[in-house]
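Chemist: return atomic coordinates for the entry below.
(4 chains)
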2 protein chains.
Amino acid sequence: MNRKLPDKTVERLSQYRRALLNYKSSGKHHIFSHEIANLLHITAVQVRRDIMLIGYTGTLRQGYDVQDLIDIIGKIIDTKEGQKVAVVGIGNLGRAIMGYFSGKRTRLTITAAFDSNPEKVNRIYAGIPCYHIEKLTEIIRNEGISIAVISVPGEFAEKVAQDLVMAGIKGVLNFSPKPLNMPSHVYLQEFDMLTILEKVAYFVKKS
Amino acid sequence: MNRKLPDKTVERLSQYRRALLNYKSSGKHHIFSHEIANLLHITAVQVRRDIMLIGYTGTLRQGYDVQDLIDIIGKIIDTKEGQKVAVVGIGNLGRAIMGYFSGKRTRLTITAAFDSNPEKVNRIYAGIPCYHIEKLTEIIRNEGISIAVISVPGEFAEKVAQDLVMAGIKGVLNFSPKPLNMPSHVYLQEFDMLTILEKVAYFVKKS
DNA sequence: ATAACATTGTTATTAAAATAACAGTAATTT
DNA sequence: AAATTACTGTTATTTTAATAACAATGTTAT
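Modeler: The predicted structure follows:
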């Protein structure tokens, strides 16, 4: 499985895996496409198509082997060594993100947090050390962190983004309301709270 | 402008407006499509196409009238009376969301927050009263809240969603990792932190 | 006055994602 | 043994989104 998968398929694979890990604890070993579909509230065709794309094949009348499927998805979306993540900006959102990860076993590990507030620097949040933002480039380089989450206020986002690129970051999730511009070798995902809520409001109004 | 616009166009309209409001304060009255494009790091064609879809037209060689464009976008995405929003779950994420809104002038107003923790109930967060989650249906009905943000842990998300539907909610933004199932008259937008980060990690790995 | 330019608005094309259609087949029923 | 059923896997179609192509036209330069 070397070919790059569609964006949306990758998202669903992550969700399939989580749903399957949970399903597994019920003791069942096999699952049908329509059962996976129900867990995610999507269609069975979509599930089968995604599974086709990753080259796994179930067995007729039995469905998919839960553990096998979990493993295959792991081979596709995880790296052997795992990947390190930094959170930049330890406001409520930054802490929320760190909270999401604490306890979860995943191949993504948040290994550093950054902030400019001296009261936050050198403290530990959800097990993660917070450094002064001046150390950003240095620590990202030294620790080999490849992914960053930007959760600073808009006015600082651009500067942070530049520094991250300088430090050799490979993927960025931007929560600030400021749209960023990244070189093409950096994968950028943006999420703008106000925009998303205004969109919801628009479709509420229209419906 | 009655026709329903494409999802992505609506998102960009929200961003155009914010960028324009900011641009306006520089004192300029007109703006070209490629200037808007630069602000958002997208293409000028995309901008012109979106503007075409909303039926506004600029003037050749002068571009668009900033204020007019702001107003037209407002007519499309806002309602006259504004829309009320509730935040369910006052953890770090819930507080982050409330923070995003405090001070912003928008036609969306967060008017209620809900939590089950008695220490949080009956306090005010960022100017918003926090009620016990038992009051959810009652308050949403009485206040005419049409939009809800779910920021509770996964295990509670489904119950909250059911209650919201019962209360007559029209749009939901779900931050919990639990995929929700909503009747078709409720607009649902999901955002799953782990999934999104795993996707970023996948494309980082591939690049 | 004519040509070149810079810009908008629109149609045409391509790309990505979702959905539908259906072929194949092992298990079960008749 | 034949027909039916309940699934998977794949191709075809449709829908949505993005990009490209280009016509139209006022402005500036020559």
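Chemist: do the longest helix seen in chain A and DNA strand C meet?
Modeler: If you go by DSSP state H, chain A has its longest helix at helix A:7-24. Yes - Helix A:7-24 reaches DNA strand C (CB under 7 Å from any atom of the strand) through A:7-9. Where you see a C-beta, it was placed from the backbone N, CA and C, and this is true even at glycine.
Chemist: out of the residues you listed, who has the most neighbours?
Modeler: A:Thr9 (19 neighbours; other CB atoms under 10 Å in any protein chain shown).
Chemist: could I get the contacting residues of that residue?
Modeler: A:50, A:53 (CB atoms under 8 Å, 6 or more residues apart in numbering or on different chains).
Chemist: cool, and A:Tyr64?
Modeler: Here A:Tyr64 is in contact with A:30-33, A:36, A:51, A:56, A:58 (CB under 8 Å, 6+ apart).
Chemist: inside strands: which ones of those?
Modeler: If you go by DSSP state E, those have A:30-31 in strands.
Chemist: return the member of the contacts of A:Tyr64 nearest to A:Gly82.
Modeler: Nearest to A:Gly82 among those: A:Tyr56, at 22.7 Å, using CB to CB.
Chemist: which SS class is the residue nearest to the closest one when sequence neighbours are not counted?
Modeler: Leaving aside its sequence neighbours, A:Tyr56 sits nearest to A:Ile72 (CB to CB, 6 or more residues apart in numbering or on different chains; 4.9 Å). Under DSSP: H, G, I helix; E, B strand; the rest coil, the three-state class of A:Ile72 is helix.
Chemist: TSV please, covering the residues of helix A:7-24 next to DNA strand C and showing pLDDT and distance to A:Val165.
Modeler: Formatted as TSV, the residues of helix A:7-24 next to DNA strand C follow (pLDDT from 0 to 100; distance: CB to CB, whole Å):
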residue	pLDDT	distance to A:Val165
A:Asp7	98	22
A:Lys8	98	26
A:Thr9	98	28
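Chemist: nearest to A:Gly154 among those?
Modeler: Closest to A:Gly154, out of all of these and judged by CB to CB, is A:Asp7, at 25.5 Å.
Chemist: ignoring the adjacent residues along the chain, who's closest to that closest one?
Modeler: What sits nearest to A:Asp7 in space, not counting adjacent residues and going by CB to CB, 6+ apart, is B:Lys199, at 7.0 Å.
Chemist: for that neighbour, what are phi and psi?
Modeler: B:Lys199 adopts backbone torsions of phi -70, psi -50, taken as degrees, to the nearest 10.
Chemist: give me the phi and psi for A:Tyr131.
Modeler: phi -110, psi 160.
Chemist: isn't it right next to A:Val121, touching?
Modeler: Yes - using CB atoms under 8 Å, A:Tyr131 makes contact with A:Val121 at a distance of 6.5 Å.
Chemist: which is the next helix or strand following the helix or strand containing A:Val45?
Modeler: Secondary structure assignment for A:Val45, by DSSP states H and E: helix A:44-53. Later in the chain than helix A:44-53, the nearest helix or strand by DSSP H and E is strand A:64-65.
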